[in-house]
Each structure stands twice: as C-alpha cells, then as structure tokens.
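Trainee: coordinates for the following, if possible.
(one chain, ligands or ions: 2)
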Amino acid sequence: MILYIVVPCFNEEEGIVQSAERLNGFLAELMEKNRISSNSKIVFVNDGSRDKTKELLENICKNNISCSLISFSRNFGHQYAVLAGYHFSKDKCDACISIDADLQQDINAIYDFLDCYEKGNDIVYGVRNDRNTDGFFKKSTSQIFYRFMSKMGCEVIPNHADYRLLSKKALNELSHYPEGAVFLRGLIPTMGMKSDIVYFDVFERTAGQSKYTMKKMLKLAMDGITSFSDKPVFAILKISLISIVISIVLFIINAIITPEKITMVLFALGFLFSGLIELFIWIIGVYVVRTYLESKNRPRYIIESVIHEVNE
Ligand code: UDP
Ligand code: MG
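Mentor: Ligands and ions are numbered 1, 2, ... in the order given. Here you go, the predicted model:
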C-alpha cells in the first residue's frame, strides 16, 4: 500500500531538519518491513513560514524523491495546510496520515494506524494517552474547549487533534466538502465512515515554540461552533423567554410595592438586559459574517510552488 504522510509546517526552522530525518528514517523502516510500498512519501506543507523553514524544506526535498513540498503564498492556518496535503495525496496514495512537524506525537503509533487501516477502517483517529507534557494553561483550556464544543453541538473526539489516517476513499469524500471555514476534527466524524481509534504518547516539543497562539485557538473554536451548530441561536431564544418571565414578575412586584424601593433594581436589570441584547446581536452577527464569508466562495489556500508533484 502507498502511504503519504502529511506534515504542516509553520515557522519550524529550529526542528524541521531533525523531524524530516526521523520521518525519512521511519518511512524507510516501514518499507524494509514491507508494511508500505517504496513509492510512499512524506508531503511537507509550508504554511507561509516567515523564517528559514521553506529553504530548509527545499534542500530536504530537492534531492529526495520520497519527499514532496507544497508551499503556500502566505500563512493560511494549520487546518488549511493539512487540507492541502490531503487534496494533494488523494489520487496518489492508498492512505494518508497527518502529523505535526514537531513530532510531539509518537510516530511509532503509525504501525497501529496501518493495522487499523488493514482491518478495513477508512478513518483512524489518534488519541493522546495523557496531557502530562502540556502546561496547566494548555491542559485546562483544551478541557474547557472540548466541553464547550460538545455543549455547543459540535461533537469532537476528546484528545484527538489532527494525527489521523484517512483512506483513499475518505480523502476522496472529504474533497467534496466545499466549506471555507474548515474544522477537520468536527468535520471528519460527521462523514460516518468506518473508523477506529489508536492511542499514542505525547512528548515535549523539542525545538521551537507552540505555533498555536490563543488567537488561533479561539478562531478554531469559533469556526467549529459556527459551522456545525445553531445551538447559540437557540440559547438566545431560551434566555429571552426567561427575561420575559422575569419582567412580568417584576411588573407585578412593582404594582404591589412602592416604586422607589425597586428603582435601583430596575436600573441594574436595564443594564443587564441591554448587555444581553448586545451579546445576542453579536452571536447573530457571527453567523451572518460566516454566511457572508462562505458566500464569497474564495479559495481556501493558494499554492505558490510544489516540489515533486508526481513521482518522476
Ligand atoms: N501550524 C501550521 N500553521 C499555523 C500554525 C501551526 O501549519 O498557522 C503547524 C505547526 O507547524 C505544527 C502543527 O501545525 O506542525 C501544530 O502546531 P503546534 O505544534 O505549534 O501546536 P501545539 O502542538 O502546540 O498544539
Ligand atoms: Mg506541537
């Protein structure tokens, strides 16, 4: 079977050379053991890095037919880098695995991914064993993230990021999804194809810093919620019904007690409800903006150059 390994890279100059060496060594090991065919390869996607990542990757790929490099014209974001790697691979391989460039995810789990694929699964999710290598902030924000996403109607597999295997069939189906806001973790489970889970260990980042800033994480969460669920809009309905009931009760109280005594309370409530109304307008605004952006139907990423597009 032909395996493609997709590696999104953004400002990874500190560690990309070691990662590429390890991945190449691992690919050779899989070939020697006859687990994959000799035309399997690694597909690096340079997501508009502003450091030396692109030059380093060009050097790695130019002399190695087992490595391809897709370079974006600018930074489009991790999800789009993974998606571009999937699109590139779909007609060329039997299965594709996406993994982070820092190799924090244990590459040995690829053996288990291949076992699951051979048992007939089209999708194999990598789920991390524990979060001990993450700091307190990252650990608690990701827990809040999973709980919040599920409450908001976007079901994701807990502790699964983007380390996954997709079969040729799954890659093909995924390529028919046209949406601009891509949240693969939410999208792929909705495809309903035969799937399994592989558990893996997570290591510390050995070089460089996390490229997922708070801003990027919040954008990912917003994309996830607004493209999968209308629950926030229904939450507005519930809260407005509760406020109507409260206001009726207050009118009745007002009629019984002398008005001066509750003027302050009414004043505070006035502020509270005007705040809530602004919040509701914002929620609806988010959906309107999402619709506006989707209606433009702009390209999700722009590829500037490709090295080893086909196996020469
Ligand atoms: N990444 C990317 N584009 C971005 C941000 C990140 O391609 O805009 C890549 C990054 O190079 C890495 C992967 O996405 O290969 C995951 O990022 P990172 O390791 O920084 O995230 P963390 O492990 O901290 O969640
Ligand atoms: Mg990482």
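
Trainee: so the closest residue to ligand 2 within the stretch 201-312 of the chain: helix, strand or coil?
Mentor: Taking Cβ to the ion, ligand 2 has its nearest neighbour within the stretch 201-312 of the chain at residue 205, 5.4 Å off. C-beta: built from backbone N, CA, C; applies to glycine. For residue 205, the secondary structure call by DSSP: H, G, I helix; E, B strand; the rest coil comes out as coil.

Trainee: and for residue 45?
Mentor: Taking three-state DSSP, the label given to residue 45 is strand.

Trainee: what's the closest non-adjacent residue to it?
Mentor: Nearest non-adjacent residue to residue 45, counting by Cβ to Cβ, 6 or more residues apart in numbering: residue 81, 4.2 Å away.

Trainee: tell me the contacts of that neighbour?
Mentor: If you count contacts by Cβ atoms under 8 Å, 6 or more residues apart in numbering, residue 81 has them with 8-10, 45, 47, 72, 301.

Trainee: can you name the next helix or strand after the helix or strand hosting residue 238?
Mentor: Using DSSP states H and E, residue 238 sits within helix 231-256. As assigned by DSSP H and E, the chain's next helix or strand after helix 231-256 is helix 263-296.

Trainee: keep only the contacts of residue 81 that also lie close to ligand 1.
Mentor: When contact is defined as Cβ under 6 Å from any ligand atom, the contacts of residue 81 meet ligand 1 at 8-10, 47.

Trainee: greatest separation within the contacts of residue 81: which pair is it?
Mentor: 9 and 301 (13.8 Å; Cβ to Cβ).

Trainee: which one of the two is surrounded by more residues?
Mentor: The residue with more neighbours, out of residue 9 and residue 301, is residue 9; 28 against 21, by other Cβ atoms under 10 Å.

Trainee: show me what from the chain comes close to ligand 2.
Mentor: Neighbours of ligand 2 within the chain, by Cβ under 5 Å from the ion: 100, 102, 104.

Trainee: what's the neighbour count on the last one?
Mentor: The reference is to residue 104. Residue 104 is flanked by 20 other residues according to other Cβ under 10 Å.

Trainee: contacting residues for the closest residue to residue 18 other than its chain neighbours?
Mentor: Residue nearest to residue 18 in three dimensions, not counting chain neighbours: residue 207, with 7.1 Å by Cβ to Cβ, 6+ apart. Residue 207 is in contact with 12, 14-15, 18, 102, counting by Cβ under 8 Å, 6+ apart.

Trainee: which pLDDT value belongs to residue 61?
Mentor: On the pLDDT scale, residue 61 is placed at 96.

Trainee: that older thread, for residue 85, see how far away the residue nearest to residue 18 is.
Mentor: Residue 207 sits 21 Å away from residue 85, going by Cβ to Cβ, to the nearest Å.

Trainee: same check, this time on residue 148
Mentor: In terms of Cβ to Cβ, residue 148 sits 28 Å off from residue 85.

Trainee: quick one, which of these two is more surrounded?
Mentor: Remark: of residue 148 and residue 85, residue 85 carries more neighbours, 25 against 13, as counted by other Cβ under 10 Å.

Trainee: list the contacts for residue 235?
Mentor: Counting by Cβ under 8 Å, 6+ apart, residue 235 touches residue 283.

Trainee: picking that back up, of the ones next to ligand 1 among the contacts of residue 81, which belong to strands?
Mentor: Among the ones next to ligand 1 among the contacts of residue 81, DSSP state E puts 8-9 in strands.

Trainee: tell me the one of the ones next to ligand 1 among the contacts of residue 81 nearest residue 94?
Mentor: For the ones next to ligand 1 among the contacts of residue 81, the nearest to residue 94 is residue 8 (21.1 Å; Cβ to Cβ).

Trainee: work out for me the element the nearest residue to that closest one once chain neighbours are set aside sits within.
Mentor: Nearest residue to residue 8, sequence neighbours excluded (Cβ to Cβ, 6+ apart): residue 81, at 3.4 Å. Taking DSSP H and E as the criterion, the element that holds residue 81 is helix 78-89.

Trainee: what pLDDT, on average, does that helix get?
Mentor: Computed over helix 78-89, the average pLDDT equals 98.

Trainee: relative to the whole chain's centre, how far out is it?
Mentor: Helix 78-89 has its C-alpha centroid displaced from the chain centroid by 11 Å (Cα atoms, centre = their mean, to the nearest Å).

Trainee: that helix and ligand 1, are they touching?
Mentor: Yes - counting by Cβ under 6 Å from any ligand atom, contacts between helix 78-89 and ligand 1 involve 78, 81.

Trainee: now that helix: buried residues?
Mentor: 78-89 (16 or more other Cβ atoms under 10 Å).

Trainee: after it comes which helix or strand?
Mentor: strand 95-98.

Trainee: got the phi/psi numbers for residue 3?
Mentor: Backbone geometry at residue 3, expressed as degrees, to the nearest 10, gives phi -110, psi 130.
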